[in-house]
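*Asks:* Here is my input, please return the structure:
(one chain, ligands or ions: 1)
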Amino acid sequence: QPHTIGFIGLGIMGLPMATNLVKAGYTVRGLDRSPDKTARFVENGGTAVHSCAEAAEGADTVITMLPDSPDVEAVLLGDDGVFAAAAPGTLVADMSTIRPDTARAVAAAGAERGLRVLDAPVSGGEAGAVEGALSIMVGGAAEDAAAAAPVFGPLGTPVHVGPSGAGQTVKAANQLIVAGNIQLVAEALVFLEAHGVDTGAALRVLNGGLAGSAVLTRKGEAMRTRSFEPGFRIELHHKDMGIVTAAAREAGVPIPVGALVAQFVAALNAQGHGGLDHSALLKLVERLAGD
Ligand code: NAD
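*Replies:* Residues are numbered from 1 along each chain as shown. Here you go, the predicted structure:
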């Protein structure tokens, strides 16, 4: 059955995601505030629209892939936003990484208008977006998650993890694990180099044991060769460490190592490296080691 998707936010993640939906046969109406990104989507077979309302009008599903909580609030709740233009019953899936409490508030506002709102943040990075192999953490009503599953299919694997906000809570945990993992891989690499070890061979053997991880597999070589093109920008991980720190505090749960790594991410961001990939945590470890 023909199905139209409005897709707002065609950045590093959104462009390949929206393109995979086009390839899967959906009619996808894309919008980014940066016109060259919308133009790239049109080159990939998508249709350009010029306002959030236009993206939502007549759409069966609207997906947002925006930087931060205020961006999602503006696009969904604004006077000329998605909620004002979408027909009752429309599925709205925010796939950005935002605050769980914002996700809950947005879902409640949508429900008042008869919209079916899901939080559906993702993990897997730019490569996962390009390959349609994202891990999708879905929060919201079970029947809405089931209804959205076919649309998520070309993007990756959705798992319904609980009510509104639960997807973002799981994503916050994801970001905690990833930041800590990168930090320790960075420390291990600087340590190995100081001992004059061949880090290429070291990464290969480490990856075969219990130290192996997706971070080691996907970021290890780039870290070894100091290639910090994003990928996932430090400024976005800084945002996410703020989200997990606040959510942990709200729950009364200490995250001491996470809080420390959050400070390292904050330092790198403050030093003007917000545009580098998060694997650039290695730069900070090098400086601490006196390099
Ligand atoms: P990005 O900055 O590359 O893309 C965001 C896009 O949204 C930009 O192109 C920007 O122009 C657009 N935008 C912002 N406000 C807008 C508005 N009001 N209307 C229309 N367009 C608007 O960021 P990204 O790396 O694609 O990340 C997007 C989200 O996904 C973030 O929440 C991020 O934390 C999350 N995420 C990123 C990765 C990754 O590896 N890059 C992985 C998982 C999750």
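*Asks:* Contact distance from the ligand - what residues of the stretch 51-200 of the chain qualify?
*Replies:* Residues of the stretch 51-200 of the chain found near the ligand (CB under 6 Å from any ligand atom) are 65, 66, 67, 71, 74, 75, 96, 97, 122, 123, 125, 126. Where C-beta positions appear, they are placed from N, C-alpha and C, glycine not excepted.
*Asks:* So which of those are in strands?
*Replies:* Of these, the ones assigned to strands by DSSP state E are 122, 123.
*Asks:* Stretch 272-282 close to the ligand?
*Replies:* No: against the ligand, stretch 272-282 shows no contacts by CB under 6 Å from any ligand atom, the least distance being 8.5 Å.
*Asks:* From residue 67, how far off is the residue of the chain found nearest the ligand?
*Replies:* When scored by CB to the nearest ligand atom, the chain has residue 11 as its residue closest to the ligand, at 1.8 Å. Taking CB to CB, to the nearest Å as the measure, residue 11 falls 8 Å from residue 67.
*Asks:* Show me which of the two is the more surrounded one.
*Replies:* residue 11 (19 against 16; other CB atoms under 10 Å).
*Asks:* Let me know whether that one touches residue 37 as I believe.
*Replies:* Yes: in this structure, residue 11 is within contact of residue 37 by CB atoms under 8 Å, at 6.6 Å.
*Asks:* give me the element residue 92 is part of.
*Replies:* Counting by DSSP states H and E, the element that carries residue 92 is strand 91-94.
*Asks:* what residues does that strand touch?
*Replies:* For strand 91-94, contacts defined as CB atoms under 8 Å, 6 or more residues apart in numbering pick out 60-64, 66, 72, 76, 82-83, 86, 103, 106, 110, 115-121, 144, 147-148, 151-152.
*Asks:* Beyond that strand, next helix or strand please.
*Replies:* Per DSSP H and E, the first helix or strand lying C-terminal to strand 91-94 is helix 100-112.
*Asks:* list the helices and strands that next one packs on?
*Replies:* helix 69-77, strand 91-94, strand 116-119, helix 166-194, helix 234-251 (3 or more CB pairs under 8 Å, 6 or more residues apart in numbering; DSSP states H and E).
*Asks:* mind putting those in JSON lines, distance to residue 212 and mean neighbour count included?
*Replies:* Formatted as JSON lines, the helices and strands packed on helix 100-112 follow (distance: least, CB to CB, whole Å; neighbours: other CB atoms under 10 Å):
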{"stretch": "helix 69-77", "distance to residue 212": "34", "mean neighbour count": "19"}
{"stretch": "strand 91-94", "distance to residue 212": "32", "mean neighbour count": "28"}
{"stretch": "strand 116-119", "distance to residue 212": "30", "mean neighbour count": "28"}
{"stretch": "helix 166-194", "distance to residue 212": "11", "mean neighbour count": "21"}
{"stretch": "helix 234-251", "distance to residue 212": "22", "mean neighbour count": "19"}
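*Asks:* one step back: so for the strand holding residue 92, mean pLDDT?
*Replies:* Averaging pLDDT along strand 91-94 yields 98.
*Asks:* distance between it and the chain's centre?
*Replies:* Averaging C-alpha positions (CA atoms, centre = their mean, to the nearest Å) puts strand 91-94 15 Å from its chain's average.
*Asks:* ok, now stretch 263-281?
*Replies:* That offset, for stretch 263-281, works out to 17 Å (CA atoms, centre = their mean).
*Asks:* Quick one: residues in contact with that stretch.
*Replies:* 178-179, 182-183, 186, 219, 222-223, 228-238, 241, 261, 283-284.
*Asks:* swap the cut-off to 6 Å and go again
*Replies:* 182-183, 186, 219, 222-223, 228, 230-235, 237-238, 241, 284 (CB atoms under 6 Å, 6 or more residues apart in numbering).
*Asks:* go on, stretch 185-193?
*Replies:* So stretch 185-193 is contacted by 199, 202, 215, 216, 223, 281, 282, 285, 286, 289 (CB under 6 Å, 6+ apart).
*Asks:* Could I have the CA atoms of it written out in PDB?
*Replies:* These are the backbone C-alpha positions of stretch 185-193, laid out as PDB (Å, rounded to 0.1, in the frame of the first residue of the first chain):
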ATOM      1  CA  VAL A 185      40.400   2.200  24.000                       C
ATOM      2  CA  ALA A 186      42.200   5.700  23.800                       C
ATOM      3  CA  GLU A 187      44.000   5.000  27.000                       C
ATOM      4  CA  ALA A 188      45.000   1.500  25.800                       C
ATOM      5  CA  LEU A 189      46.400   2.900  22.500                       C
ATOM      6  CA  VAL A 190      48.500   5.600  24.100                       C
ATOM      7  CA  PHE A 191      49.700   3.100  26.600                       C
ATOM      8  CA  LEU A 192      50.700   0.600  23.900                       C
ATOM      9  CA  GLU A 193      52.400   3.200  21.800                       C
END
